[in-house]
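K.L.:
pasting the sequence and the predicted model now:
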Amino acid sequence: MQRRNFLINAGAAAFSAASYQHILGANDRLGMALVGSGRRGREVMKAFLSTGRIELRCLADVYDVQRGRARDFLAVKPSEVVAIEDALSRKDVDAVLIGSPDHLHLTHTLASLKAGKHIYLEKPTSHHFGEGAKFIAAVNQSGKVCQTGTQQRSGAHYRRAKEEIFDKGKLGKVVFARAIWHDFPWQRRKIEPQPKPAGLDWERFVGPAPKVAYDWVRYDSWRYFPDYGGGLLADILTHWADVAQWMMNESRPLNAVATGGIYQMKDGRVNPDTVNAVLQYGGGQNGTWNLTFESSVLPIRNERPGVFFQGTEGTLEITRAEYVFTPNKGEVQVVKAEGNLEVAHANNFLDAVKNGSRPSADVRTGIEACNPVHLAKAAYWKKRRMKFDQTGTRIVEDV
């Protein structure tokens, strides 16, 4: 039985027909704004545009150069603004794609919901563990759709693995899952100092993070710094922990240990360039099992990033391209991915807005994908084994 209530005691959002009275007709396009037009925001918005079901009305970003890059990459010419408030005030914007840095996710989500907009929120949903209850409560109270950016949830071969392998117990008892993903060249750039560009609103970028003087590397490579992002644990473990928890019907790790460091990239970063974590789960129908995770920004051989499950009756390896089920007795089964995960996830969101249905990665799912990340981050920085307390509202040392 899935343990979904350890964080907060909040009901699932109820989507009534009245919640969708502003949504356009079946043959019309949804008006969207892109908030945060960096690399990831551009990629996801491109998937949305490819569906033919939306119109990009507005770009909001604190840096004019990023807005220009998005306009050129997407080959569209929406309005451009600096402040998210200006985008949210538009009546022709029905939904917002939030692709801003992690530390701004809660601020931008709350503002978007207050303005009555549906939300597609890039992962990780939360930047700090304590934000989870605020996200869930705000979405539930709004009656709006919030899709979080763990796109595996909309993948046909992921759903098939869940239904045909895990739900039918074909792996037997799963002893451990192993997740890997390496080699991120955009996190290996040498960022040279430069004066503050005239078109960069530094104060808006910093937002709720600790106030510091302008420093170009903090903006241009914000993932290097815990103030703005959780590094590899937030960027990668969020995805693979979500897959493992989904397949195993678990949502709460018992404890976590983590190690790593800055082994090669002596470039001013604070988050590690290489990290390993072990999360222990237990208490569900499968009993105790471990999720081991390893990731590095370095160009380590990385042919098949994904999650490998070891069971007493066989193994399953699942990647974004396919899954391979190898039973102890019988033939190997290979199931290929169908279509593009980004596009499938965008369509799932648009269907939820249109039909009033639950999206495949709703806000609670997004928060549950972040909880093992926050536990592993605490273990890494404190150099201790960490756990959630009995209330599920605090991370404490596991002694």
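P.N.:
It's in. Given the structure is predicted, the values throughout are model-derived calculations rather than measurements.
K.L.:
make it CA atoms for all contacts and neighbour counts henceforth
P.N.:
OK.
K.L.:
so how far is residue 86 from the one residue sitting closest to the centre of the chain?
P.N.:
The residue lying closest to the centre of the chain (Cα atoms, centre = their mean) is residue 123, at 2.0 Å. Residue 123 is 24 Å from residue 86, where distance means Cα to Cα, to the nearest Å.
K.L.:
again, but for residue 266
P.N.:
Distance of residue 266 to residue 86, given as Cα to Cα: 39 Å.
K.L.:
show me which of those two is the more surrounded one.
P.N.:
residue 86 (13 against 10; other Cα atoms under 10 Å).
K.L.:
from residue 76, how far out is that one?
P.N.:
On the measure of Cα to Cα, residue 86 and residue 76 end up 19 Å apart.
K.L.:
swap in residue 58?
P.N.:
Remark: distance between residue 58 and residue 76 (Cα to Cα) = 10 Å.
K.L.:
which one's more surrounded, those two?
P.N.:
residue 58 (25 against 13).
K.L.:
who are the packing partners of the one helix or strand the more buried one maps to?
P.N.:
In this structure, residue 58 sits in strand 54-60 according to DSSP states H and E. Judged by 3 or more Cα pairs under 8 Å, 6 or more residues apart in numbering; DSSP states H and E, strand 54-60 is in contact with strand 30-35, helix 39-50, strand 79-81, helix 84-88.
K.L.:
following it, which helix or strand comes up?
P.N.:
Next element after strand 54-60 (DSSP H and E): helix 64-74.
K.L.:
need the contact partners of that following helix.
P.N.:
Residues from elsewhere that reach helix 64-74 (Cα atoms under 8 Å, 6 or more residues apart in numbering): 37-38, 42, 45-46, 59-61, 77-78, 80, 82, 199-200.
K.L.:
go on, stretch 217-233?
P.N.:
Residues from elsewhere that reach stretch 217-233 (Cα under 8 Å, 6+ apart): 101-104, 127, 187, 191-193, 205, 209-210, 269-275, 295-297, 373, 376-377.
K.L.:
which of the residues you listed are buried? Put it as a ChimeraX command.
P.N.:
Listed next is the ChimeraX selection for buried residues among the contacts of stretch 217-233, using 16 or more other Cα atoms under 10 Å:
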select :101,102,103,104,127,187,205,269,271,272,273,274,275,295,296,297,373,376,377
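K.L.:
for residue 122, see how far away the spatially closest residue to residue 299 that is not a sequence neighbour is.
P.N.:
Computed as Cα to Cα, 6 or more residues apart in numbering, the closest residue to residue 299 that is not its neighbour in sequence is residue 183, at 4.4 Å. For residue 183, the distance to residue 122 equals 21 Å [Cα to Cα].
K.L.:
neighbour-wise, which of the two wins?
P.N.:
The residue with more neighbours, out of residue 183 and residue 122, is residue 122; 23 against 16, by other Cα under 10 Å.
K.L.:
and the residue nearest to that one when sequence neighbours are not counted, backbone torsions?
P.N.:
Closest residue in space to residue 122, ignoring its immediate chain neighbours: residue 149 at 4.4 Å, by Cα to Cα, 6+ apart. Backbone torsions of residue 149, given as degrees, to the nearest 10, read phi -90, psi 40.
K.L.:
so residue 149 sits against residue 124, correct?
P.N.:
Yes - Residue 149 is within contact range of residue 124, at 7.4 Å (criterion: Cα atoms under 8 Å).
K.L.:
which neighbours do the two share?
P.N.:
With Cα under 8 Å, 6+ apart as the test, residue 149 and residue 124 both reach residue 366.
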